[in-house]
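> following is a predicted model, sequence given first.
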Amino acid sequence: MSETVLRLEGVHKSFGETAVLQGIDLTVSSHEVVALIGASGSGKSTLLRTINLLERIDDGQIWLRDVDITAPQLKHDAVRARIGVVFQSFNLFPHLSVLDNVTLASRHVLGIDRGAAEARGRELLSRVGLADQAKSFPDRLSGGQQQRAAIVRAIATNPELLLLDEITSALDPELVTEVLDLVRELKTDGTTIIMATHEMAFARDVADRVVFLDRGIVVEEGPPSQLFGSPREARTRAFLGRFTAG
């Protein structure tokens with residue numbers, strides 16, 4: 001049996017009068033890749049932000065392994081050190097080299113000495129084809145290279161969970177493939193991933209489980225073959241129909 005890495009129970013989040021998450025229940029197992037799909041405004045990004053404690057939930061609980069990370073007394077930085085996050089925008093620090101971006105958390109949050117942190121950083125950059133860009137600044141990289149560097153930064157600390165928030169949406173179409181190929185490699189390595197994505201073909205091919213959100217509710221979830229092949233819910237069929245029509 002796979003170990004449970006993440007568990008959400010009855011998670012609610014509103015912004016003013018707008019309810020964005022309405023009682024989300026979700027469990028993610030070790031080495032599992034879960035794809036969140038749904039229209040803009042369905043709650044995918046907010047859900048990821050609550051998991052990383054960038055947004056405080058209004059009700060419910062979120063557990064990272066055996067720790068209730070929504071407990072008021074818990075130190076947020078200690079939780080975030082266990083979770084890697086990659087956003088739509090690359091969010092690399094422009095005044096730091098690629099290598100310094102990649103090693104920043106390892107050195108300043110985990111306390112790893114510079115030599116060891118840089119050795120791992122260079123190894124990871126080499127794996128994604130960026131060894132020759134280690135000393136470059138982010139503005140010298142293409143969008144695809146910046147996003148690959150952002151992913152390397154997120155995994156450099158060996159996180160227990162990796163959150164990917166629409167990581168290809170800011171990329172030119174020709175750069176999408178190189179970033180998605182890296183996610184495939186992370187899956188092969190056994191990384192536990194939750195990814196919000198609008199790349200339906202990628203979700204179908206790579207995810208172990210697909211979760212369809214609509215207006216802050218989990219409408220349907222299941223293996224890609226079931227959810228894409230024979231969705232049970234009318235709302236799921238209507239959403240997926242937009243990608244197959246015409």
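Everything's here; your move.
> tell me the spacing between residue 50 and residue 90.
22 Å (Cβ to Cβ, to the nearest Å). (Glycine included, C-beta is placed from N, CA and C.)
> just the buried positions in stretch 105-124, please.
Buried residues in stretch 105-124, counting neighbours by 16 or more other Cβ atoms under 10 Å, are found at 105, 106, 107, 112, 117, 118, 120, 121, 122, 124.
> enumerate every residue touching the spatially closest residue to the first one that is not a sequence neighbour.
The reference is to residue 105. Among residues not flanking residue 105 along the chain, residue 157 sits closest, at 5.2 Å (Cβ to Cβ, 6 or more residues apart in numbering). For residue 157, the residues meeting the contact criterion (Cβ atoms under 8 Å, 6 or more residues apart in numbering) are 81, 84, 105, 106, 109, 110.
> grab the CA positions of the helix ranked longest in the chain and hand them over as PDB.
Of all the segments of type helix in the chain, defined by DSSP state H, the longest one is helix 173-188. The C-alpha coordinates for helix 173-188 follow below in PDB (Å, rounded to 0.1, in the frame of the first residue of the first chain):
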ATOM      1  CA  PRO A 173       3.900  26.600 -28.000                       C
ATOM      2  CA  GLU A 174       7.300  25.400 -29.200                       C
ATOM      3  CA  LEU A 175       8.700  25.500 -25.600                       C
ATOM      4  CA  VAL A 176       5.900  23.600 -24.000                       C
ATOM      5  CA  THR A 177       7.200  20.100 -25.000                       C
ATOM      6  CA  GLU A 178      10.600  20.500 -23.300                       C
ATOM      7  CA  VAL A 179       9.000  21.500 -20.000                       C
ATOM      8  CA  LEU A 180       6.400  18.700 -20.100                       C
ATOM      9  CA  ASP A 181       9.200  16.200 -21.000                       C
ATOM     10  CA  LEU A 182      10.900  17.200 -17.700                       C
ATOM     11  CA  VAL A 183       7.700  16.500 -15.800                       C
ATOM     12  CA  ARG A 184       7.500  13.000 -17.400                       C
ATOM     13  CA  GLU A 185      11.100  12.400 -16.100                       C
ATOM     14  CA  LEU A 186      10.000  13.500 -12.600                       C
ATOM     15  CA  LYS A 187       7.200  11.000 -12.700                       C
ATOM     16  CA  THR A 188       9.600   8.300 -13.800                       C
END
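> what about the strands in this structure?
Using DSSP state E, the strands of the chain run over residues 4-15, 18-29, 33-37, 59-64, 67-68, 83-86, 161-165, 193-196, 209-214, 217-222.
> which of the residues in stretch 36-54 are buried?
Buried residues in stretch 36-54, counted by 16+ other Cβ under 10 Å: 36-38, 42-53.
> next one: stretch 228-245
In stretch 228-245, counting by 16+ other Cβ under 10 Å, buried: 228, 231, 236, 239, 240.
> cool, stretch 73-85 as well?
Within stretch 73-85, the residues that count as buried by 16+ other Cβ under 10 Å are 79, 80, 81, 82, 83, 84, 85.
> before I go, just wanted to say thanks for your time.
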